[in-house]
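>>> sequence first, then the predicted structure, then my questions.
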Amino acid sequence: MATVSRAADPILRASLRPSPSAVRCCGRIGRTTPSRIPGSGSGSMSVRWKSGPYGYTQAKALVFSEYGEPKDVLKLHTHSISPSLPSSSVLLRTLAASINPADVNTIQGTYGAKPTFSSLIGTPSPSALPGNEGVFEVTSSPPPSSGLAKGDWVIPAKTGFGTWRTHAVADVDAVIKIDKEGLSPVQAGTVSVNPCSAYRMLRDYAHPPLREGDWFVQNGANSGVGRAAVQLGRLWGYRSINVIRARADAESTQALRDELTALGADHVVTEEEFLSREFKDRVAEWTRGSGGGVRLGLNCVGGKSAQTIAKTLGTGGTMVTYGGMARQPVALPTGLLIFKDIRFVGFWLSRWADGDKAAKKATVSEILELVRRGKFRDTPVVDVPWSWETEEMALKEAVQGTLEGFRAGKGVFVFGET
């Protein structure tokens, strides 16, 4: 918690310790809202200026200066943002930001792309800002030529934006405006990763493209991507075989089957059923009359599960790998390459999102329209409240919890009074 007595940064000290005259005239410079900081002691009042004297905006960000477990390396850093913004930049207030496995892998140093470490926001040592997905509200007044206005909602145009913070300054070209009508911050803040991944893999990787009545198979069907693929597939007329991990008891497993079936899954099976010798006969029965068998496989697990997906594909099918939760290599029988002409490719969302801003905007807009019309359901989420008073440990524990087993939903930072 930043206080008058603890401010260390020169700019922050200036913004936190105004002279009496500055406070009196602050209404002409920028609105301020003084508030007592809990735990500051009963004998004195410690004040946080939410808008900052002289128009400075106080902000907080989760940062890390070295790789490691989130609980060990994440720090909550307080800094000030100057009111003097270039005409090409906008001030943003974060509304919601998701916690994805790739974010945790980035902090651990195991992700394929490495973040940029800098002291741009005044950290004691060069640090990186995690978080690739979120939604922001424009709080400054950009020029009309920018296409943005105060109050608009925007999402990052590219990955690596650093969404785990209360405020940000960004170039107008670094964000994409979305139509916020009929949407919640969580809906808008979770559209860029899982739904977009499912959309692009279903649309872009089968050759020729999937048509109504075609089949696809996927493991990790209960994941955010898996749930999105089930729903989009149903909307587009595709048939799906969905593989899940069995839960602790038969009732819980059946409840999950029923949940995915309600979303549009044609068949839901456990990993044990999927890996059994009899499973190929069930697939043959399900897909009889389809013409090409199973044409597309989506793999986020690896190991034996990926190998079984490959064996399930029909001649000329394609398996797309976009994750490796089992941390086991994908071993493929040579015969599938020679005799069935199976294609094996990888999908990395960052490559697509960072390479085609227009396509990302169009994909996001289409998915959000489905959300508005009630045709696409949100992935189950666990709200992680983040207000100015939220302690560092609570935020770190929420990130660390992403590594746990079965979870009630995807963690999302939901920002309150910041």
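The structure has been received and is ready for your questions. Numbering: from 1, shown residues only.

>>> biggest helix in this structure by residues?
Of all the elements of type helix in the chain, the one with the most residues (DSSP state H) is helix 357-372.

>>> can you name the next helix or strand after the helix or strand harbouring Val169?
When secondary structure is defined by DSSP states H and E, Val169 falls within strand 167-171. Tracing the chain past strand 167-171, the next element assigned as helix or strand by DSSP H and E is strand 175-178.

>>> contacts for that following strand next, please.
90, 92, 135-136, 147-148, 152-157, 188, 357, 360-361, 364-365, 368 (Cβ atoms under 8 Å, 6 or more residues apart in numbering). In this view, the C-beta of every residue, glycine as well, is placed from N, C-alpha and C.

>>> at 10 Å what do you get?
Contacts made with strand 175-178 from outside it, assessed by Cβ atoms under 10 Å, 6 or more residues apart in numbering, are listed as 90, 92, 135-136, 138, 146-149, 152-158, 161, 168, 188, 191-192, 357-358, 360-361, 364-365, 368.

>>> for it, give the mean pLDDT please.
Per-residue pLDDT over strand 175-178 has a mean of 98.

>>> adjacent strands (with direction) for it?
When pairing is defined by DSSP bridges, strand 175-178 lines up against strand 153-156 (antiparallel).

>>> only the buried residues of the partner strand, if you could.
Judged by neighbour count (16 or more other Cβ atoms under 10 Å), strand 153-156 contains these buried residues: Trp153, Val154, Ile155, Pro156.

>>> still on that earlier bit, buried residues, the strand holding Val169. List them.
By neighbour count, and taking 16+ other Cβ under 10 Å as the criterion, the buried residues in strand 167-171 are His167, Ala168, Val169, Ala170.

>>> ok, those residues vs Gly335, which is closest?
Distance ranking of the buried residues of strand 167-171 against Gly335, using Cβ to Cβ, places Ala170 first at 50.9 Å.

>>> one step back: by contact count, what packs against the strand holding Val169?
strand 57-63, strand 75-81, strand 89-98, strand 134-138, strand 153-156 (3 or more Cβ pairs under 10 Å, 6 or more residues apart in numbering; DSSP states H and E).

>>> of the ones you listed, which approaches Ala310 most closely?
Distance to Ala310, taken as Cβ to Cβ, is lowest for strand 89-98 among the helices and strands packed on strand 167-171, at 30.6 Å.

>>> and that closest one, what does it pack against?
Using 3+ Cβ pairs under 10 Å, 6+ apart, strand 89-98 sits against strand 57-63, strand 134-138, strand 153-156, strand 167-171, helix 185-189, strand 381-386, strand 410-415.

>>> how about JSON lines for the ones you listed, with distance to Leu263 and mean pLDDT added?
As requested, the helices and strands packed on strand 89-98 are exported to JSON lines (distance: least, Cβ to Cβ, whole Å; pLDDT from 0 to 100):
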{"stretch": "strand 57-63", "distance to Leu263": "32", "mean pLDDT": "97"}
{"stretch": "strand 134-138", "distance to Leu263": "23", "mean pLDDT": "98"}
{"stretch": "strand 153-156", "distance to Leu263": "24", "mean pLDDT": "98"}
{"stretch": "strand 167-171", "distance to Leu263": "34", "mean pLDDT": "97"}
{"stretch": "helix 185-189", "distance to Leu263": "16", "mean pLDDT": "97"}
{"stretch": "strand 381-386", "distance to Leu263": "15", "mean pLDDT": "96"}
{"stretch": "strand 410-415", "distance to Leu263": "15", "mean pLDDT": "96"}
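
>>> if I pick the residue sitting nearest the centre point of the chain, what's in contact with it?
With distances taken as Cα atoms, centre = their mean, the residue of the chain nearest its centroid is Glu133 (4.0 Å). Under the criterion of Cβ under 10 Å, 6+ apart, the neighbours of Glu133 are 96-100, 102-103, 155-156, 159, 161, 163, 189-194, 196, 349, 412.

>>> repeat for Gly182
When contacts are taken as Cβ under 10 Å, 6+ apart, Gly182 is in contact with Leu368, Glu369, Val371, Arg372, Arg373, Gly374.

>>> how near is it to Ser365?
13 Å (Cβ to Cβ, to the nearest Å).

>>> ends of stretch 56-76, how far apart?
Stretch 56-76 has its terminal residues 19 Å apart, counting by Cα to Cα, to the nearest Å.

>>> buried sites along that stretch?
Burial within stretch 56-76, assessed by neighbour count using 16+ other Cβ under 10 Å, is assigned to 56-65, 67, 70, 73-74, 76.

>>> now, among these, which is nearest to Phe274?
Closest approach between the buried residues of stretch 56-76 and Phe274, by Cβ to Cβ: Pro70, at 32.0 Å.
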